[in-house]
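A.B. asks: coords below, sequence missing:
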Ligand code: SF4
């Protein structure tokens, strides 16, 4: 993972002191709210419905045990005993008081963390595949490139005042688990037949008020050109992106309005001008950074674990957990383990301080002290021996962390919604809770199989509802909550935006609507292995719309 | 009827303007205003912004019930009552009053 050098340490420490001074000046009245607001946003501090909120960056979702313990300590001593993991692999504290935030930032700096660029019109924290470096289907580990992008984009002087925020996601696996097609820039690391590494570059994806899937700008960009090309994209966007209307300021709108070819030609022209110079990546530097992401020394183990098999035979709960929450690893006898933060009736993405400490301990004992945060708001231990799975499961179960539902109906993506968010139209969390109760029965969840249910409390789409097989969008109807259902979305390789499937529902009908959509899918799918989106592509919107219309009557 | 609400500067908590011109976390303590009195209350609130007590004051429509004022929109009911479904139960917080 990343390691701060002297410059980084001094820089982050200086930023903490600078913010401490800014907070003091705000509290003494030297700064007005108008003057202070952009300063606090540059340090990840929002003013939400009930309190300030601090968003802390977790670069490409990677945490050490030491860092996770620090997050737990902050939650316990400065907040209300929990933190909320977000769809952008970050963590948010919902209740810090303004006075305490500089101290929290100082505590974060001690473990090489900060809240810089977690807000504002800049390049945000880089996101990636939560199984990076571990999954059996990985072609190239994306983390060294995520790290190179992190270093390049951190306080990049030219891109601190973009027309709007800018999000970059990167994957290196066959299966896209980083939702690269719905980011401003999505990168897929690929290896050509001749062995050369490069990137397929997607640009202009995004959700929100005007959702777009990204356009493919380059099929193969050589590794050494990564920064020059991405810088060229940012330059073109910085120059031509609209600043007159914040709803039209993202690069997706520029792509849409100016046209894919125009933007591509501008980017290529700028790239031709700057390529091969200071931004070219020397292979030696890439190799040096890649060494920090070397696979831990995993002991040779047989592919089938006797310990695991015995535990699975004895304990159905464990067997089920393995079936849902354990993912194949590139090294035999090992696995990646998903710790679901979606207990039945729980708040999606929340973890208590004690739970964070426990996961940190388990990671230290069994997983080389490494934890990942996934964009589905779960925690992951990327490298564990299959022999250790029973012990880890038992420890998780004792802490309420062994919910066996990764990827299933209860594993919703859910934004904070109107319980916390100042921009919200409707609550998301109670909707998710009810859905998790409705599909809590393992037999029912298994009958349904994997499905993405995604919930946003407003059109900003932090809950990615457009790319949920079932998307739920909270809207405001005369001061009351109302929910619009979309179907057929997908964030992965078969990315598509969902279609609005009917009239909209009052809060107490949303779970029924979700179940109606699911039942309609089950009626139409040709085999249990057919995904929602595959069925949807085959049968279209009509059966879903009709079923929901019948429910609404 | 209306009330004036804001967030307290130092910790962001939701507060309501009282008859004495203070800011209370308790909705029931909010001063009830007729439409004609709202602009004066907002002007007084602006002074409290300048005095660094609060940020972003605004008026909210309420209905008067036997248990006190209740905001007309769900957003303002949640602001007044606290999160209805967060993990806040883990630590002391005000009771959820929102619908
Ligand atoms: S989608 Fe809307 S309600 Fe949900 S977190 Fe984002 S801005 Fe807030």
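C.D. replies: Nice, thanks for sending it over. Here the structure is a predicted model, which means the values were calculated and not measured.

A.B. asks: Pop out the phi and psi values for residue A:202.
C.D. replies: Residue A:202 adopts backbone torsions of phi -110, psi 140, taken as degrees, to the nearest 10.

A.B. asks: Looking at it now. What's its pLDDT?
C.D. replies: At residue A:202 the predicted local distance difference test score is 98.

A.B. asks: ok now the helix or strand hosting residue A:328, how far from the chain's centre?
C.D. replies: Under the criterion of DSSP states H and E, residue A:328 resides in strand A:326-328. Relative to its chain's centre, strand A:326-328 lies at 19 Å (CA atoms, centre = their mean, to the nearest Å).

A.B. asks: can you list contacts of the helix or strand following that strand?
C.D. replies: Read in the C-terminal direction, the helix or strand following strand A:326-328 is strand A:334-339, with elements assigned using DSSP H and E. Strand A:334-339 is contacted by residues A:131, A:134-135, A:298, A:301, A:325-329, A:359, A:367, A:374, A:378-386, A:389, A:392, A:396, A:401, A:406 when judged by CB atoms under 8 Å, 6 or more residues apart in numbering or on different chains. C-beta here means a position set from N, CA and C on the backbone, and glycine is covered the same way.

A.B. asks: Whichever helix or strand comes after strand A:334-339 packs against which elements?
C.D. replies: Next in sequence after strand A:334-339, counting helices and strands by DSSP H and E, comes strand A:350-352. When contacts are defined as 3 or more CB pairs under 8 Å, 6 or more residues apart in numbering or on different chains; DSSP states H and E, strand A:350-352 sits against strand A:82-85.

A.B. asks: Go through the strand holding residue A:328 and flag the buried ones.
C.D. replies: Applying a neighbour-count criterion of 16 or more other CB atoms under 10 Å in any protein chain shown, the buried positions in strand A:326-328 are A:326, A:327.

A.B. asks: Please parse chain A into its domains.
C.D. replies: Here the domain parsing of chain A from automatic domain parsing is A:6-109, A:142-291, A:306-398, A:413-552.

A.B. asks: Quick one: residues contacting the residue nearest to residue A:246 when sequence neighbours are not counted.
C.D. replies: Taking CB to CB, 6 or more residues apart in numbering or on different chains, and ignoring the residues beside it in sequence, residue A:246 has residue A:164 as its nearest neighbour in space, at 6.5 Å. By CB under 8 Å, 6+ apart, the contact set of residue A:164 is A:121, A:241, A:246, A:249, A:250.

A.B. asks: Please identify which helix or strand holds residue A:164.
C.D. replies: Under the assignment given by DSSP H and E, residue A:164 is not contained in any helix or strand.

A.B. asks: where in chain B is pLDDT low?
C.D. replies: B:89-99 (pLDDT under 70).

A.B. asks: what residues does it put near chain A?
C.D. replies: In this structure, chain B approaches chain A at residues B:7, B:9-14, B:49-52, B:55-56, B:72-75, B:78-79, B:82-88, B:90-91, B:93, judged by CB under 8 Å from any CB of the partner chain.

A.B. asks: one step back: pull out the buried residues from the contacts of strand A:334-339.
C.D. replies: Members of the contacts of strand A:334-339 classed as buried by 16+ other CB under 10 Å are A:131, A:134-135, A:298, A:325-327, A:329, A:359, A:367, A:374, A:378-386, A:389, A:392, A:396, A:401, A:406.

A.B. asks: So which of those belong to strands?
C.D. replies: Using DSSP state E, the members of the buried ones among the contacts of strand A:334-339 that fall in strands are A:326, A:327, A:379, A:380, A:381, A:382, A:383, A:384, A:385.

A.B. asks: Mind giving me the packing neighbours of the helix or strand containing residue A:533?
C.D. replies: Under the criterion DSSP H and E, the helix or strand holding residue A:533 is helix A:532-539. Of the remaining helices and strands, those touching helix A:532-539 by 3+ CB pairs under 8 Å, 6+ apart are helix A:510-524.

A.B. asks: So is the helix it packs on next to chain B?
C.D. replies: No: under the criterion of CB under 8 Å from any CB, helix A:510-524 makes no contact with chain B; the nearest approach is 13.8 Å.
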